[in-house]
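>>> quick one, fold the following:
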Amino acid sequence: MTSANSARFPELTVSGSPIDMGHQIGEHFRGQIVELSELVLERFNKGSQTKISWNQAENVARRSFGRVDEYFPDPLDELRGTAEASGVPVERLMVLNARNMLADTSEGCTSIMVSDEAAESGKGFAGQNWDNDPAMAPLSAVITRKGLGKASFTSWLQPGLVAYMGFSSSGIGICMNALNGPSNSSGLPWYFFVRAILEAQTTDDAVAAVKSAPRALTANAAMITTEGPLNLEIAPGSVESIEADSDGVLVHTNHCVHPEMTANNEQYSERIYGQSFERRDRGRGLLSAQLSNGKVSIDHAKALLSDHDGFPTSICRHPNDDVNTGWQRSVISIILEPGENRMHVSNGNPCENTYEIYNAG
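Numbering: from 1, shown residues only. The predicted structure follows:
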């Protein structure tokens, strides 16, 4: 099906010092950032069993400043520039970046990674659906950052976030999944690690950056790199890597897979989102079936990400009657081709909306 909703997300390329890039983002997206800063807590509370006040949220954000400044000072300077240009207090922007530290929420996402050898084009790619709050779509954009002395990167995100799903000039593309496991309130917010991965010059540098700083959450980084697919299950106390299967593909959803992490699946079972095991098996099955007939193309990936097996918590998620999560949907579907300096993004469920192509700015 093709929907009339095929609009592209707004695009911006920024460059210069961190504070300069922040000023450019804050000036260009002032309206969206103001609206997002007012909505972020309301929308978070909609998906959480524990309701958080602004005072509690800003206290969490304030605790993050010192640690972020110690390990990732440049993105923090960017946030300060964004705050100055948009008129939104930097504490509110930190709430946005630390939102998944506030309390447990129910979020999905299915990620796939395909190696050069398994890809029909000969160049690997990664993709995912972002199952979340549809109110975030009008407040989202595609931003390319060209920082000084770092890899440049392009990502889809809400302006005010320091990074989200995207790809870099170093050939790294990152998707992500919420993951069940422990948290540490003294650790750093997740999106700063995503930023470090995207600004790294090599895959080794990206992994080292994740390991070198205290981590607040258990989360999953589903990556395609110049060396092939790489999945990092990241927890406060460990970082475990999962490489592609022998056929060159990898699928990850919302439960732990690495043997050192699977104990979380029982200990934190209440955090495993909608048919995570079934979605992973379904994704692997679809990729294996395709590989038995040849190789995996971008169109095959789009079909997989449009799959409705297991509805309502299928790979392509639609609103349903579930009291806690039925209001969510696949807000976007994204496929990253860092080797081609581009990504494909659907504005809404991929079964109903076309993918638009975004090149590095």
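
>>> okay, CA-based contacts and neighbour counts for the rest of this
Fine.

>>> state the three-state secondary structure for S155.
strand (DSSP: H, G, I helix; E, B strand; the rest coil).

>>> scratch that, G31
When states are read from three-state DSSP, the local structure at G31 comes out as helix.

>>> tell me, how many residues neighbour it?
Counted with other CA atoms under 10 Å, the neighbours of G31 add up to 12.

>>> neighbours of the spatially closest residue to it that is not a sequence neighbour, just the number please.
Across the structure, with CA to CA, 6 or more residues apart in numbering as the measure, the residue nearest G31 apart from its sequence neighbours is S86 (7.9 Å). The number of residues packed around S86, counting by other CA under 10 Å, is 24.

>>> gap between S86 and V34?
In this structure, S86 lies at 7 Å from V34, with CA to CA, to the nearest Å as the measure.

>>> give the residues shared as contacts by these two.
Taking CA atoms under 8 Å, 6 or more residues apart in numbering as the contact criterion, S86 and V34 have no common neighbours.

>>> okay, now the unreliable bits of the stretch 251-361 of the chain?
Under the criterion of pLDDT under 70, the regions of the stretch 251-361 of the chain flagged as low confidence span 271-274, 323-325.

>>> hey, where'd the strands end up in it?
Remark: strands assigned in the stretch 251-361 of the chain by DSSP state E, counting those that start in this stretch are 329-337, 342-347, 355-359.

>>> and S185, which of the ones you listed is closest to it?
Ranking these by distance to S185, with CA to CA as the measure, places strand 329-337 first at 28.7 Å.

>>> now do that closest one: which elements does it pack against?
Under the contact criterion of 3 or more CA pairs under 8 Å, 6 or more residues apart in numbering; DSSP states H and E, strand 329-337 touches strand 125-132, strand 166-168, strand 173-178, strand 342-347.

>>> go again with 6 Å.
Other helices and strands packing on strand 329-337, by 3 or more CA pairs under 6 Å, 6 or more residues apart in numbering; DSSP states H and E, are strand 125-132, strand 342-347.

>>> give me the angle between the first one and strand 329-337.
On the basis of axes from the mean of the first three to the mean of the last three CA atoms, to 10 degrees, strand 125-132 is oriented at 160 degrees to strand 329-337.
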